[in-house]
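A.B. asks: Everything below, folded, please.
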Amino acid sequence: MKKAILIFQLVLICNQISAQKSDLIKTYTPSKYYSSFEIGGMLGESHYYGDLSKGIFQIKNLHNDYGLFIRYQRTRKWAVKLTYNKGKLSADDLYNKPSLQPRNLRFFSPLQEGALMIEYMYPGFSACRQYNWSPYFTAGIAVFKFQPQAAGFGDLRSLSTEGEGLPEYPNSKVYSLTQVSIPFGIGIKFIPFKRLIIGAELCLRKTFTDYIDDVSGYYPSPAVLLAEKGLIAVKASNPSSYKFPNYDPTNQIRGSAQNMDWYCTFTLHISYAIYYDCFSENHRQNDVGGCKSF
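C.D. replies: Residues are numbered from 1 along each chain as shown. Sure, this is the predicted structure:
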């Protein structure tokens, strides 16, 4: 009789454990519990678009861009990424529209950027075999630093090429070299080997400055520039003066202030998954390096 009672109690305990396990499996849905953490690098090209560019894309405006990033993925569809990259922006009226080539302006600028990005992956991405690649959309907020320069003239902002900061032009303020932008773009990523993720991304930046190229408004008076900043500032403001020595450009349009400058990057990414958890994946038996098998 005691043995029968003991067996009956054991059966009840087993049933309770089985029921709890079943409830646990129902609760742990894959979409809620997949996560990963990566560190990686990127290499590609940066490109400028503004007053000195002929169109949206010019191969002459491409420059090397590189950086580092960390990415945390909480579900198969959403991830957050922190990036830092360095590049260069430039343009020259020599390659601009024929009507603007006589203006003869040019610039180059180093570029540094830090950004916080969100990624949305569709149909989804994880380190497990069934979801080992995915396109994605990305957007966020960035802070970037630039410093427009020109060969033979040096730092353009310090020369007040449009009268910025001069008492004769109180409405022309000195622009900041640190600005905010809104980056957004598309990409694709793929897992070829254990813990290794490669990808490609095109990301555009909507900026809120028109001075990446130091060109935005009107020509100041050459006489004022000469008195305040010297002859080099006069030549930097109007490099075409040697062609038209008797032409006074004062208050003539130098650039369009209606449209802010843009820049973009196209980069290849490679990252290493320090951690990822496929515990809740239904297909966990078909793991790709690092996923747990049961």
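
A.B. asks: which residues in the stretch 51-200 of the chain form helices?
C.D. replies: When assigned using DSSP state H, counting those that start in this stretch, the stretch 51-200 of the chain turns out to have no helices.

A.B. asks: Any idea what the closest residue to residue 116 other than its chain neighbours is bridged to?
C.D. replies: Excluding the flanking residues, the one nearest residue 116 by CB to CB, 6 or more residues apart in numbering is residue 140, at 5.0 Å. C-beta here means a position set from N, CA and C on the backbone, and glycine is covered the same way. When bridges are called by DSSP bridges, residue 140 pairs up with residue 117.

A.B. asks: Likewise for residue 88?
C.D. replies: For residue 88, the beta-bridge partners under DSSP bridges are residue 110.

A.B. asks: Residue 205 now?
C.D. replies: Residue 205 forms beta bridges with residue 183, residue 263, as assigned by DSSP bridges.

A.B. asks: burial of the residue nearest to residue 116, as a residue count?
C.D. replies: Using other CB atoms under 10 Å, residue 140 has 19 neighbouring residues.

A.B. asks: That one touches residue 114, doesn't it?
C.D. replies: No. The criterion here is CB atoms under 8 Å, and residue 140 misses it with residue 114 at 10.5 Å.

A.B. asks: The residue nearest to residue 116 and residue 184, how far apart?
C.D. replies: Distance from residue 140 to residue 184, counting by CB to CB, to the nearest Å: 8 Å.

A.B. asks: for residue 68, what are its contacts?
C.D. replies: Residue 68 makes contact with 39, 40, 41, 42, 83, 84, 85 under the criterion CB atoms under 8 Å, 6 or more residues apart in numbering.

A.B. asks: Residues touching stretch 47-61, excluding its own?
C.D. replies: With contact meaning CB under 8 Å, 6+ apart, stretch 47-61 is reached by 62-63, 89-93, 95-97, 105-107, 210, 212-213, 215-216, 255-256, 259, 261-266.

A.B. asks: Now with 6 Å, please.
C.D. replies: Applying CB atoms under 6 Å, 6 or more residues apart in numbering, the contact partners of stretch 47-61 are 62, 89, 91, 93, 95-97, 213, 215, 255-256, 261-264.

A.B. asks: Closest to residue 135 out of those residues?
C.D. replies: Closest approach to residue 135 among the contacts of stretch 47-61 (CB to CB): residue 264, at 18.0 Å.

A.B. asks: what's the neighbour count on the closest one?
C.D. replies: 19.

A.B. asks: quick one: contacts for it?
C.D. replies: Contacts of residue 264 were listed using CB under 6 Å, 6+ apart, and they are 47, 204.

A.B. asks: Derive a ChimeraX selection command for the buried subset of the contacts of residue 68.
C.D. replies: The buried subset of the contacts of residue 68, as determined by 16 or more other CB atoms under 10 Å, is captured in ChimeraX by this line:
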select :40,42,83,85
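
A.B. asks: In CSV: the contacts of residue 68, plus pLDDT and distance to residue 101.
C.D. replies: Shown next, in CSV, are those (pLDDT from 0 to 100; distance: CB to CB, whole Å):
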residue, pLDDT, distance to residue 101
39, 97, 46
40, 97, 42
41, 98, 39
42, 98, 35
83, 98, 36
84, 98, 37
85, 98, 32
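
A.B. asks: So which of the contacts of residue 68 sit within strands?
C.D. replies: 39, 40, 41, 42, 83, 84, 85 (DSSP state E).

A.B. asks: Leaving out chain neighbours, which residue sits closest to residue 195?
C.D. replies: Leaving aside its chain neighbours, residue 195 sits nearest to residue 273 (4.5 Å; criterion: CB to CB, 6+ apart).

A.B. asks: try residue 190
C.D. replies: Per CB to CB, 6+ apart, closest to residue 190 is residue 133, 4.2 Å.

A.B. asks: Over to residue 102?
C.D. replies: Nearest residue to residue 102 in three dimensions, chain neighbours excluded: residue 240, at 5.5 Å (CB to CB, 6+ apart).

A.B. asks: before we move on, what about residue 105?
C.D. replies: residue 93 (5.0 Å).

A.B. asks: cool, residue 270 as well?
C.D. replies: Counting by CB to CB, 6+ apart, residue 198 is the residue found nearest to residue 270 once chain neighbours are left out, at 5.2 Å.

A.B. asks: bridging residues for the one you found?
C.D. replies: Beta bridges link residue 198 to residue 190, residue 270 when assigned by DSSP bridges.

A.B. asks: Got a ChimeraX select line for the buried ones in the contacts of stretch 47-61?
C.D. replies: ChimeraX command restricting the contacts of stretch 47-61 to the buried ones, with burial defined by 16+ other CB under 10 Å:
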select :62,89,91,93,96,213,215,255,261,262,263,264
